[in-house]
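**Q** just the structure for this:
(chains A and B)
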Amino acid sequence: MEQIQDLFLGFMTILQPEFLFWCLIGITLGTLAGALPGVGPVTGIAILLPITYGMHPISALLLLMGIYQGSMYGGRISSILLNVPGDAASVVTTFDGYPLTKQGKPGYALTLSAFASFVGGIIGFLGLVFLTAPITNIALSFGPPEYFGLMVFALIATSGLTENKPFKPIVATLIGLLIATIGVDPIAGTERFTFGFLELWKGIDFVVIAVGMFGLSEVFIRMEQKVDFNRVKNKIPFWDLFPKISELLKDTWAIIRGSILGFLIGVLPGAGATIATFLTYDIEKKISKNKEEFGKGASKGLSAPEAANNATVGGALIPLFSLGIPGSGTTAILLGALMMLGLQPGPLIFEKSGDIVWAAIAGLFLANFLLLILNTAFVPMFTILIQKAETYLGPVIAVLCIIGTYMLNNSMFDVGLMILFGIFGYFLRKFDFPLAPLILAVILGPILEENLRQTLMMSSNSISIFFTRPISLFLLIISFLILLLPIVRKIRKK
Amino acid sequence: MPYVERLFSVSILAVVLTFFLTSFQYEMFLLEGNGIGVAFLPRLISLMLLILISIYIYSVFNGKLLHENRKSEPFIKSVVAKQISMVFSLLLCLFLIDILGMISTLGVFLIGALHYIEKVSWVRSIIFSVLTIISLYFIFVKWLNIILPSGFLI
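**A** Predicted structure coming up:
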């Protein structure tokens, strides 16, 4: 198997002190980002993304993947100890995790969920290793019409049309697409919407928008939401973090079920970890003989969704690497990061930069292994860290946002724009507009426009080209069906 | 503060309208059916946004969206005052960076933000800020070789 050979080479590559160091930094920062309510993977990656500018691509990817996987692990810490989820995907963890803490078993809950996260992460990793290549081979036959169909599908699937209230996600997506049109047009070379600013000729770097909207807006949001971390002081006796093996293995099948489901949901654009965890919890509750225990500290109610949460990481990376389409806000920022590092996500990435990508995939396995250790033996350290960091976090995030944005182009204009987007992002969040579809549209917008224009040039402005090519037709039909979902749901309700 | 959402919705409309009108400066289609021009997509998007934001404004002014179950916190005057101070401090930093240098300005910003906004004591604010700034200096300037704006201090 070619994949195993490539993976082996990937492992050989990352076993260098520099790469191991960045992986360790990534998982530590990721766990911290996940554990701090409100921060989560998107904000964590957005704030630290500019730091990777100028780094070796493998170091940068190991750092970012470490943050991504680490924050998935870390989200459970505040859910279990405080009943405050670190991010949306960790909400389900509070259902049975916090009751276990109230029963005096926080150590068991933390270790069981870390073990489930590990199994989920490994199953996601295996899926990533064996499924990326076949999907990449299909994508190799894609031309501009197919790519346009794929971009439309990715935008519609992730824009929130599948949710109950799709209005605001659609507005956010369109705003993102509009922002993406700023700057010199890549085909005709005409400058658009620069309003006399030379700095806008290159367009607005997605990092400036991501850092402002996710990072700086978080500073303003944190001023409103204060969490009392003192409630968790001295609650976890160290040896409670090491329960008997039999206690961990009793939920094996639930963990495997959750992992497979999480992985499959992770592959779908727009579904993501939150849906995976809720669906897994619901299924486990339905098939359980002791339904009444759910919500009162059922171990399966904690372990299965945690496994699903972490398995989504491997699943979400498949369309990112093989097709170049992100399925969530986090993978959208990772896509931008890959582009920033000079890689071109899509079917040719394995041909052109296979060594880097396989090293990053190998890093995901290493991250899972290290995270299992970090999230069991070092949980007391993280508990102290999140207690102490809370007060200082807002101003430190603001400082990192400023330095990080400046580093991109050595431009104070970018810093000013980042502050502007931070304020805009704050109001969008305040009025319940989701930020992920917006940033996704900013990243995918130029690719969408370029492929649309190339296709129409090929067909002399005839749109029939989209319907005569089977793959583009298939993608557009799926997109259309997703568009119909809210209407179908309304009719069914009536 | 329903007025904030009203102001926000009208502001977005104004920005989108500017984009829509500006798009008329560019060509919609290329000559001889050779594809679409640079104005095609932005005009289409801004037109859709104008319609959707008009609906949003209508619902905001009629109070329909104001009563839905919001996930976010309500506006509290003391918090808003802190947020405005934070914005002004950040804007002040933009001007001071050229004079004091980035590292020193961010150090002053950290001390001020920690003491006045987060209510941390002077001593703790200064110690934490100095240690943070020294760490950032070594990470970015010495280790990652990033050239940050320097002033008369650093």
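**Q** so which bits of the helix or strand harbouring A:Ile478 are buried?
**A** In the assignment (DSSP states H and E), A:Ile478 maps to helix A:470-493. Residues of helix A:470-493 classed as buried by neighbour count (16 or more other C-beta atoms under 10 Å in any protein chain shown): A:Ile471, A:Ser472, A:Leu475, A:Leu476, A:Ser479, A:Ile482, A:Pro486. Glycine gets a C-beta too; all of them are placed from N, C-alpha and C.
**Q** tell me how far the lowest-mean-pLDDT helix or strand in chain B is from the chain's mean position?
**A** Between all helices and strands in chain B, the lowest mean by mean pLDDT, DSSP states H and E belongs to helix B:77-100, at a mean of 90. Once both centres are worked out by C-alpha atoms, centre = their mean, to the nearest Å, helix B:77-100 turns out to sit 12 Å from its chain's centre.
**Q** swap in stretch A:147-167?
**A** Its chain's C-alpha centre and that of stretch A:147-167 lie 17 Å apart, by C-alpha atoms, centre = their mean.
**Q** what about that stretch, how long is it end to end?
**A** Using C-alpha to C-alpha, to the nearest Å, the span of stretch A:147-167 from its first residue to its last is 26 Å.
**Q** return the distance of stretch B:123-136 from the chain's centre.
**A** Using C-alpha atoms, centre = their mean, the distance from the centre of stretch B:123-136 to the centre of the chain it belongs to is 25 Å.
**Q** would you indicate which residues of that stretch are buried?
**A** Burial within stretch B:123-136, assessed by neighbour count using 16+ other C-beta under 10 Å, is assigned to B:Ser125, B:Ile126, B:Phe128, B:Ser129, B:Thr132, B:Ile133, B:Leu136.
**Q** quick one: the third one and B:Trp122, what's the gap?
**A** Summarising the geometry, the distance separating B:Phe128 from B:Trp122, computed by C-beta to C-beta, to the nearest Å, is 11 Å.
**Q** quick one, strands of the stretch 51-200 of chain A?
**A** With DSSP state E, counting those that start in this stretch as the criterion, the stretch 51-200 of chain A has strands at A:183-184, A:191-192.
**Q** next SSE after the last one?
**A** Per DSSP H and E, strand A:191-192 leads on to helix A:206-210 as the next helix or strand towards the C-terminus.
**Q** mean confidence score for that next one?
**A** Taken as a whole, helix A:206-210 has a mean pLDDT of 90.
**Q** what of stretch A:331-338?
**A** The average pLDDT within stretch A:331-338 is 87.
**Q** mind checking the SS state of the residue of the stretch 301-450 of chain A at minimum distance from chain B?
**A** Taking C-beta to the nearest C-beta as the measure, the stretch 301-450 of chain A has A:Pro395 as its residue closest to chain B, at 3.9 Å. Of the three states, A:Pro395 takes helix under DSSP: H, G, I helix; E, B strand; the rest coil.
**Q** show me what contacts it?
**A** The contact partners of A:Pro395, taken as C-beta atoms under 8 Å, 6 or more residues apart in numbering or on different chains, are A:Val219, B:Phe109, B:Leu110, B:Ala113, B:Leu114, B:Ile117, B:Glu118.
**Q** so which of those is the closest to B:Lys82?
**A** Sorting the contacts of A:Pro395 by how near they are to B:Lys82, with C-beta to C-beta, puts B:Ile117 at the top with 5.2 Å.
**Q** contact partners for the closest one?
**A** When contacts are counted by C-beta under 8 Å, 6+ apart, B:Ile117 is found next to A:Met223, A:Gly394, A:Pro395, B:Lys82, B:Ser85, B:Met86.
**Q** recalculate using a threshold of 6 Å.
**A** B:Lys82 (C-beta atoms under 6 Å, 6 or more residues apart in numbering or on different chains).
**Q** per-residue pLDDT, it?
**A** The model's pLDDT for B:Ile117 equals 88.
**Q** so how far is A:Lys168 from it?
**A** B:Ile117 is 30 Å from A:Lys168, where distance means C-beta to C-beta.
**Q** repeat that for A:Asn461.
**A** Using C-beta to C-beta, one obtains 34 Å as the distance from A:Asn461 to A:Lys168.
**Q** is A:Gly295 part of a helix or strand, or is it coil?
**A** Using three-state DSSP, the secondary structure recorded for A:Gly295 is coil.
**Q** how about low-confidence regions in chain B?
**A** Where chain B drops to pLDDT under 70, the residues are B:1, B:32-33, B:64-74, B:153-154.
**Q** tell me the residues of it that contact chain A?
**A** Contact residues, chain B versus chain A (C-beta under 6 Å from any C-beta of the partner chain): B:5, B:8, B:19, B:22, B:33-36, B:38, B:41-42, B:45, B:48-49, B:52, B:72-73, B:79, B:82-83, B:90, B:94, B:106, B:110, B:113-114, B:118, B:146.
**Q** domain ranges for chain B?
**A** Chain B breaks down into these structural domains: B:2-67, B:77-143 (assignment by automatic domain parsing).
**Q** can I get those domains in CSV including distance to A:Leu177?
**A** As requested, the domains of chain B are exported to CSV (distance: least, C-beta to C-beta, whole Å):
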stretch, distance to A:Leu177
domain B:2-67, 5
domain B:77-143, 27
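**Q** looking at the buried residues of stretch B:123-136, which is nearest A:Met339?
**A** Sorting these by how near they are to A:Met339, with C-beta to C-beta, puts B:Leu136 at the top with 26.4 Å.
**Q** contact partners of the helix holding A:Ile478?
**A** By C-beta under 6 Å, 6+ apart, the residues outside helix A:470-493 that reach it are A:145-146, A:149-150, A:152-153, A:156-157, A:161-162, A:166, A:466-467.
**Q** stretch B:34-42 now?
**A** Counting contacts by C-beta under 6 Å, 6+ apart, the residues outside stretch B:34-42 that touch it are A:181, A:185, A:188, A:190, A:192, A:449, A:453, A:456-457, B:23, B:26-30.
**Q** buried ones among those residues?
**A** Neighbour counting by 16+ other C-beta under 10 Å classes A:Thr181, A:Asp185, A:Arg192, A:Glu449, A:Arg453, A:Leu456, A:Met457, B:Ser23, B:Tyr26, B:Leu30 among those as buried.
**Q** could I get the full set of helices for chain B?
**A** Assigned helices in chain B, in chain order: B:2-22, B:40-61, B:77-100, B:102-112, B:122-136 (criterion: DSSP state H).
**Q** C-alpha coordinates for the one helix or strand A:Ile443 maps to, CSV please?
**A** A:Ile443 belongs to helix A:436-458 when elements are defined using DSSP H and E. Included here for helix A:436-458 are C-alpha records, laid out as CSV according to Å, rounded to 0.1, in the frame of the first residue of the first chain:
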residue,chain,number,x,y,z
ALA,A,436,-17.7,30.6,9.9
PRO,A,437,-19.7,30.9,6.7
LEU,A,438,-18.3,34.5,6.2
ILE,A,439,-14.7,33.5,6.5
LEU,A,440,-15.4,30.4,4.3
ALA,A,441,-16.8,32.7,1.6
VAL,A,442,-13.8,35.0,1.9
ILE,A,443,-11.5,32.1,1.2
LEU,A,444,-13.6,30.3,-1.4
GLY,A,445,-14.9,33.4,-3.2
PRO,A,446,-11.9,34.1,-5.4
ILE,A,447,-11.7,30.4,-6.4
LEU,A,448,-15.4,30.4,-7.2
GLU,A,449,-15.2,33.5,-9.3
GLU,A,450,-12.1,32.4,-11.2
ASN,A,451,-13.7,29.0,-12.1
LEU,A,452,-17.0,30.6,-13.1
ARG,A,453,-15.3,33.1,-15.4
GLN,A,454,-13.0,30.4,-16.9
THR,A,455,-16.0,28.1,-17.5
LEU,A,456,-18.0,30.9,-19.2
MET,A,457,-15.0,31.8,-21.4
MET,A,458,-14.8,28.1,-22.4
